[in-house]
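Novice: need coordinates for the below:
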Amino acid sequence: MGDRDDFLEWFNTTWWAAEVALHNGDPAPRFGTWSEREPITLFGAWISANGSQAVREVFSNLARGFSDAASSDIELIAADVSGDMAYTAHREITSVSVDGSARAYVLRVTQVYRREAGEWKVVHRHGDEETDAVPGP
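Specialist: Residues are numbered from 1 along each chain as shown. Modelled structure (predicted):
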């Protein structure tokens, strides 16, 4: 397998499982998919943070509100690897309980990854909630 295939295997297994765990209230697997080496940035759909510790606090807070993930799907739009850096552009389609209320949403996400000691780690995430396009005048 080449670098891109190896990366996509990790993305579709390890990274995806960490996302499902977060949406069931467990942030620990997501911690394992994120780098601890600065710079680390999060431009989240609901909360943003800068720096490894601040990002981990956001994940812990999100996990406390998430439970009962009914579905969690990924639509990969683009991905590539160049040396020890990679990126994805994807949609996350999620049905989950947020603070006790059922919620379904789609996030548009761009992530940047860095290979560290042979393992892929997220170093940047930019996500926003996808909404229906509003027709122009």
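
Novice: the longest helix in the protein is where?
Specialist: When every helix of the chain is counted residue by residue (DSSP state H), the longest turns out to be helix 52-65.

Novice: which parts of it are buried?
Specialist: By neighbour count, and taking 16 or more other C-beta atoms under 10 Å as the criterion, the buried residues in helix 52-65 are 52, 55-56, 58-59, 62-63. Any C-beta I mention is one placed from the backbone N, CA and C, and that applies to glycine too.

Novice: contacts for that helix, please.
Specialist: When contacts are defined by C-beta atoms under 8 Å, 6 or more residues apart in numbering, helix 52-65 is touched by residues 22, 25-27, 30-31, 34-38, 40-42, 44, 46-49, 98-99.

Novice: which ones are touching Glu19?
Specialist: So Glu19 contacts 30, 72, 74, 92 (C-beta under 8 Å, 6+ apart).

Novice: let's see if you can find the most crowded of the residues you listed.
Specialist: In terms of neighbours by other C-beta atoms under 10 Å, these top out with Arg30 at 23 neighbours.

Novice: contact partners for that one?
Specialist: With contacts defined as C-beta under 8 Å, 6+ apart, Arg30 is in contact with 18-19, 21-22, 59, 63.

Novice: let's see that with 6 Å instead.
Specialist: Contacts of Arg30 were listed using C-beta atoms under 6 Å, 6 or more residues apart in numbering, and they are 18, 22, 59.

Novice: ok, now Thr13?
Specialist: Counting by C-beta under 6 Å, 6+ apart, Thr13 makes contact with nothing.

Novice: which pLDDT value belongs to it?
Specialist: According to the model's per-residue confidence, Thr13 sits at a pLDDT of 97.

Novice: that older thread, JSON lines for the buried residues of helix 52-65, including distance to Val106 and pLDDT?
Specialist: Listed next are the buried residues of helix 52-65 as JSON lines, based on distance: C-beta to C-beta, whole Å; pLDDT from 0 to 100:
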{"residue": "Ser52", "distance to Val106": "28", "pLDDT": "97"}
{"residue": "Val55", "distance to Val106": "22", "pLDDT": "98"}
{"residue": "Arg56", "distance to Val106": "25", "pLDDT": "98"}
{"residue": "Val58", "distance to Val106": "20", "pLDDT": "97"}
{"residue": "Phe59", "distance to Val106": "20", "pLDDT": "97"}
{"residue": "Leu62", "distance to Val106": "17", "pLDDT": "95"}
{"residue": "Ala63", "distance to Val106": "20", "pLDDT": "96"}
